[in-house]
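Asks: Sequence and computational prediction follow.
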Amino acid sequence: MTKLQKATLSFLALLACSLFGLVFWLYQGKWQQPLGPALQISTATPFHLPPTWTPNPLTPTTFSPTSKPVTLVEVLPTPTITLNNLTGFCGAPPVMNILVVGTDARSDSYLYGLADVVRLVRVDFVNPKVTILEFPRDLWVEIPDIEDNLKGQDHERLNQAYLYGNPGFGYTDDPTEGPGLLARTLALNFGATIDHYAAVNMRTFVKMVDAVGGIDVTLPTAVDGRTTGDANKRLLFYAGTHHLNGTQALTLARIRIEGVFERAENQNRVLCALRDQLTSPSVITKVPNLIKSFQDAVQTDLSPQQLGQLACLGTQIKPEKILFARFPPEHFKTKRQYDPVFKGNVFIWDVDFDILRDYVAQFNQGAWPQPSDSPSIEEEEEIAFCP
């Protein structure tokens, strides 16, 4: 591809995202108004904040670990950046931290549903880079606000935090419901810094992929999700490039027969493919369908303006600057934990939370993950990027 062709494609993609933002603004009527209640995380304590309290998006979430974190890598202090002296690309703040949730709810509503996918996304608008950290959903964590409803039990698996916060259970008064309770759970247990949230159920994800004409996913090896109970060929994806519709993309993202870490890799491939399609010039003709699939179908406190800023950055960022990180698998061991709710032993990951807190602290500062010209085997296992 020539430089002129690349420049033309970049211009068209930027124009497409600008028009997307403009149409979304006209559709919403208010450019800067959040599409849902704002997160209210000042501490990791149970929710009892006044309804008029609003967070400073540049103030890190605080947490109180029970013991001193393990230092894995020396992290230099990050200079304080304020909106008054620095603005990132696309008119955005320097950094935006977003909790992204994929829920297993199959209906159009968000009354119920577990957090099937939990990702922290750190968007750097100054030195354009996106880092995405996966949290395994089977971590046994302390969840705020649930103790009174569960007769003194304050621990459950991480994916339950989202379920208990939504209206179906309503174990919290947090106006941000499931995403808010999950965000405060991550802050309490791991010190995660979170400014915004976006939760998508399965039906909405399918509609979004279909609205942009499907996605192209390349698999280095075959993914076979067939079992003795379900041997349907829809669960088999051969190695190579596939053009997937929404249902097929969801199926690939949910297969975990080879393990949760392998499933996370496939989910990352799907996310990369969706990002490529959303920032392609061809999406401009599909804006109306995309808006229709998104409107009133996602739990989020992002505003149309912020969505436009994210789309704008997507047209400019280099693929190698989109990094996917996971905690090193060697720290995780399988364990059975007695759960009074289910009245039996459930599967959880046995892992030292101090180690995870240290990784999260580095992630918050933008110090991890970092691309490497000659990555070690360990780095290759922990970090991947969009091809």
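Replies: Ah, there it is.
Asks: where does the stretch 201-350 of the chain dip in pLDDT?
Replies: 279, 283-296 (pLDDT under 70).
Asks: Determine the number of other residues adjacent to the nearest residue to Leu271 once chain neighbours are set aside.
Replies: Distances taken as C-beta to C-beta, 6 or more residues apart in numbering place Ile132 nearest to Leu271, at 7.5 Å, with adjacent residues excluded. In this view, the C-beta of every residue, glycine as well, is placed from N, C-alpha and C. As a burial measure, Ile132 scores 24 neighbours (other C-beta atoms under 10 Å).
Asks: thinking Ile132 is in contact with Leu323, fair?
Replies: Yes. Using C-beta atoms under 8 Å, Ile132 is in contact with Leu323, at 7.0 Å.
Asks: Could I get the phi/psi values of the residue nearest to Leu271?
Replies: Ile132 has phi and psi values of phi -130, psi 120 when expressed as degrees, to the nearest 10.
Asks: which residues touch it?
Replies: Residues counted as contacts of Ile132 (C-beta atoms under 8 Å, 6 or more residues apart in numbering) are 100, 119-122, 268, 271, 322-325.
Asks: From those residues, keep the buried residues only.
Replies: Buried members of the contacts of Ile132, counted by 16 or more other C-beta atoms under 10 Å: 100, 119-122, 268, 271, 322-325.
Asks: Quick check: the gap between Tyr164 and Asp145.
Replies: 8 Å (C-beta to C-beta, to the nearest Å).
Asks: Between those two, which contacts overlap?
Replies: Taking C-beta under 8 Å, 6+ apart as the contact rule, Tyr164 and Asp145 both touch 171-172, 181.
Asks: From these, which land in helices?
Replies: The helices, defined by DSSP state H, take in Leu181 from the shared contacts of Tyr164 and Asp145.
Asks: Could you provide the shared contacts of Tyr164 and Asp145 in JSON lines, with additional columns for pLDDT, neighbour count and distance to Leu307?
Replies: Below are the shared contacts of Tyr164 and Asp145 laid out as JSON lines (pLDDT from 0 to 100; neighbours: other C-beta atoms under 10 Å; distance: C-beta to C-beta, whole Å):
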{"residue": "Tyr171", "pLDDT": "95", "neighbour count": "22", "distance to Leu307": "30"}
{"residue": "Thr172", "pLDDT": "93", "neighbour count": "23", "distance to Leu307": "26"}
{"residue": "Leu181", "pLDDT": "97", "neighbour count": "27", "distance to Leu307": "23"}
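Asks: how about the shared contacts of Tyr164 and Asp145 in a markdown table, adding distance to Ala105?
Replies: Converted to a markdown table, the shared contacts of Tyr164 and Asp145 look like this (distance: C-beta to C-beta, whole Å):
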| residue | distance to Ala105 |
| --- | --- |
| Tyr171 | 17 |
| Thr172 | 18 |
| Leu181 | 15 |
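Asks: quick one: which of the shared contacts of Tyr164 and Asp145 is nearest Val141?
Replies: Nearest to Val141 out of those is Leu181 (C-beta to C-beta; 11.3 Å).
Asks: Distance of the nearest residue to that closest one once chain neighbours are set aside relative to Leu111?
Replies: In this structure, Leu181 finds its nearest non-sequential neighbour in Gly165, 3.0 Å apart by C-beta to C-beta, 6+ apart. Spatial separation of Gly165 from Leu111 under the definition C-beta to C-beta is 11 Å.
Asks: Please say which of these two ends up with more neighbours.
Replies: Neighbour count, other C-beta under 10 Å: between Gly165 and Leu111, Gly165 has more, with 29 against 14.
Asks: How much space separates the more buried one from Ile255?
Replies: From Gly165 to Ile255 the distance is 27 Å (C-beta to C-beta).
Asks: ok, now Thr204?
Replies: According to C-beta to C-beta, Thr204 and Ile255 sit 20 Å apart.
Asks: And Asp154, by the same measure?
Replies: For Asp154, the distance to Ile255 - C-beta to C-beta - is 33 Å.
Asks: same deal with Pro167?
Replies: Counting by C-beta to C-beta, the separation of Pro167 from Ile255 is 30 Å.
Asks: The two - which one has more neighbours?
Replies: Ile255 (18 against 11).
Asks: which residue sits closest to the more buried one in space, ignoring its chain neighbours?
Replies: Nearest to Ile255 is Gly225, by C-beta to C-beta, 6+ apart, at 3.5 Å.
Asks: Can you report how many residues neighbour the one you found?
Replies: A count of nearby residues for Gly225, using other C-beta under 10 Å, gives 19.
Asks: Could I get the contacting residues of it?
Replies: Contact analysis of Gly225 by C-beta under 8 Å, 6+ apart lists 235-236, 251, 255-257.
Asks: what do you get if the cut-off is 10 Å, keeping everything else the same?
Replies: 232, 234-237, 251-252, 254-258, 263, 266 (C-beta atoms under 10 Å, 6 or more residues apart in numbering).
Asks: Show the backbone phi and psi for it.
Replies: The phi/psi pair for Gly225 (degrees, to the nearest 10) is phi -100, psi 10.
Asks: how close does it sit to Val141?
Replies: The value you get for Gly225 to Val141, if C-beta to C-beta is used, is 28 Å.
Asks: Note down every partner strand of the helix or strand harbouring Ile98 and its orientation.
Replies: Taking DSSP states H and E as the criterion, Ile98 maps to strand 95-103. Within its sheet, and counting by DSSP bridges, strand 95-103 is paired with strand 115-124 (antiparallel), strand 196-200 (parallel).
Asks: Strands of the stretch 101-250 of the chain, residue ranges please.
Replies: 115-124, 129-134, 140-142, 155-157, 196-200, 215-219, 223-224, 236-237, 240-244 (DSSP state E, counting those that start in this stretch).
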